[in-house]
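> need a structure here:
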Amino acid sequence: MKNRKFLTVMMMTLMVSAAAGCAEANTAAEPQEQTAQAGEDVGGNTPEETTGDSDAVKPEMRQEEKETEEAETEELKEAETEAETPEDGKPEGGGTSLADGELSDDWTDMQFMLDGKLYELPTAYHELEADGWSFDLADYGYTDGYVMNPGDKTYNTIELSNPAYDEKLTVWVGFINTEDKTQDILDCDIWAFQMDTCVGSRQVENYPDMEIAKGIGFGSTREEVDAAFGACEDIYEADSGMNYVVYNYKVNYDKYLKLTIDGEKGVTAIDISSYE
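Reported below is the predicted structural model:
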């Protein structure tokens with residue numbers, strides 16, 4: 001009897017152990033099936049077809065987003081660097097490139113605006129001519145043209161006119177040949193530019209908007225000029241009753257700016273020239 005009981009207990013123990021072993025085998029198989037199923041989703045379906053959150057897809061999406069963000073950040077840095085470095089190589093806060101179409105805050109850069117068009121002395125006569133400013137050589141006795149040698153200059157006594165403005169508006173320019181070859185005067189540059197909106201004490205009705213550094217232009221008051229350029233050391237005071245002054249600025253005897261300022265009308269004449 002004892003032997004039978006012993007055999008019975010042993011057989012029951014073996015059966016329990018075998019059952020436990022099957023349960024462990026089933027438990028170990030389930031994750032493998034899930035992994036295989038996840039692999040089928042990643043390899044067989046498009047992201048739109050995949051239902052549920054697949055851990056195999058998410059890391060790839062995060063990596064793409066990271067690379068895109070890094071590329072956008074790099075492009076932004078490059079754009080900021082280009083914006084901080086002007087095309088003309090001048091430091092921030094100085095003059096601006098002519099290509100930018102913005103007027104320099106330093107009058108010694110020899111820049112001025114005419115009705116929103118930016119010029120810088122010396123400037124090609126053809127640039128002004130294209131905007132309607134011209135003269136006839138025949139009026140000066142040169143019907144066959146006038147030739148200038150390298151380095152030659154004329155006084156600023158050649159008068160330009162523009163049919164878009166009052167015929168009594170006064171505009172005087174001086175020419176210079178900046179090339180190393182002989183040229184006709186019409187192919188040369190302008191080194192001096194003067195515009196006067198008054199005939200005697202009367203201001204003409206139709207004249208262009210002219211502006212120089214720091215927003216100074218026709219109509220600017222004496223106080224505004226002082227604030228923009230500081231105290232002028234060379235001032236001509238008109239006789240009593242004339243009610244105007246002339247400011248004369250110069251730098252190194254090669255850059256000149258003359259402003260005529262009426263007590264009521266403000267700046268009425270601008271004369272800017274570069275002897276370089």
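> Which strands border the host helix or strand of residue 193, and is each parallel or antiparallel?
Assigned by DSSP states H and E, residue 193 belongs to strand 189-196. The sheet places strand 189-196 alongside strand 123-124 (antiparallel), strand 170-176 (antiparallel), strand 266-274 (antiparallel), with pairing taken from DSSP bridges.
> Make a markdown table out of the ones you listed and add mean neighbour count.
Every C-beta, even on glycine, is put in place using the N, C-alpha and C of the backbone. Compiled in a markdown table, the strands paired with strand 189-196 are given as follows (neighbours: other C-beta atoms under 10 Å):
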| stretch | mean neighbour count |
| --- | --- |
| strand 123-124 | 17 |
| strand 170-176 | 21 |
| strand 266-274 | 21 |
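> Which one, of these, ends up nearest to residue 210?
The closest of those to residue 210 is strand 266-274. By C-beta to C-beta, the value is 5.7 Å.
> Domain parsing of the protein, as residue ranges.
2-84, 104-274 (automatic domain parsing).
> picking up where we left off before, now the strand holding residue 193: mean pLDDT?
Here strand 189-196 scores 98 as its mean pLDDT.
> what packs against the helix or strand following it?
Next along the chain after strand 189-196, taking DSSP H and E as the criterion, comes strand 198-199. Of the remaining helices and strands, none touches strand 198-199 by 3 or more C-beta pairs under 8 Å, 6 or more residues apart in numbering; DSSP states H and E.
> now residue 260: how far from residue 161?
As for residue 260, its distance to residue 161 is 20 Å (criterion: C-beta to C-beta, to the nearest Å).
> whoops, I mixed them up, residue 140
14 Å.
> what does residue 241 give?
Taking C-beta to C-beta, one finds residue 241 at 32 Å from residue 161.
> residues near residue 214, how many?
17 (other C-beta atoms under 10 Å).
> So it belongs to a helix, correct?
Yes. In this structure, residue 214 lies within a helix as judged by DSSP: H, G, I helix; E, B strand; the rest coil.
> coming back round to it: and the domains of the chain, which one is worst for confidence?
domain 2-84 (a mean of 43).
> just to revisit the earlier point, so for residue 241 and residue 161, which sits in the more crowded spot?
Neighbours per residue (other C-beta under 10 Å) separate residue 241 from residue 161, with residue 161 holding more: 17 against 5.
> Run through the residues that contact the more buried one.
133, 134, 135, 167, 169, 171 (C-beta atoms under 8 Å, 6 or more residues apart in numbering).
> ok, so what distance separates it from residue 172?
11 Å.
> can you check residue 126 too?
18 Å.
> do the same with residue 235
22 Å.
> circling back: which other residues reach the strand holding residue 193?
112, 119, 121-125, 128, 153, 156, 169-178, 207-208, 210, 258, 260, 268-275.
> same thing with stretch 257-268?
Contacts of stretch 257-268 (C-beta under 8 Å, 6+ apart): 107, 194, 196-198, 203, 212, 216-222, 224-225, 243-250, 269-272.
> Which positions in stretch 240-259 come out as buried?
244, 245, 246, 247, 249, 255, 256, 257, 258, 259 (16 or more other C-beta atoms under 10 Å).
> Bridged to the first one, which residues?
Going back to what we said before, that points to residue 244. residue 262.
> looking at it, it is touching residue 236, isn't it?
No. Between residue 244 and residue 236 there is no contact under C-beta atoms under 8 Å: 9.1 Å.
> Fine by me, thanks again.
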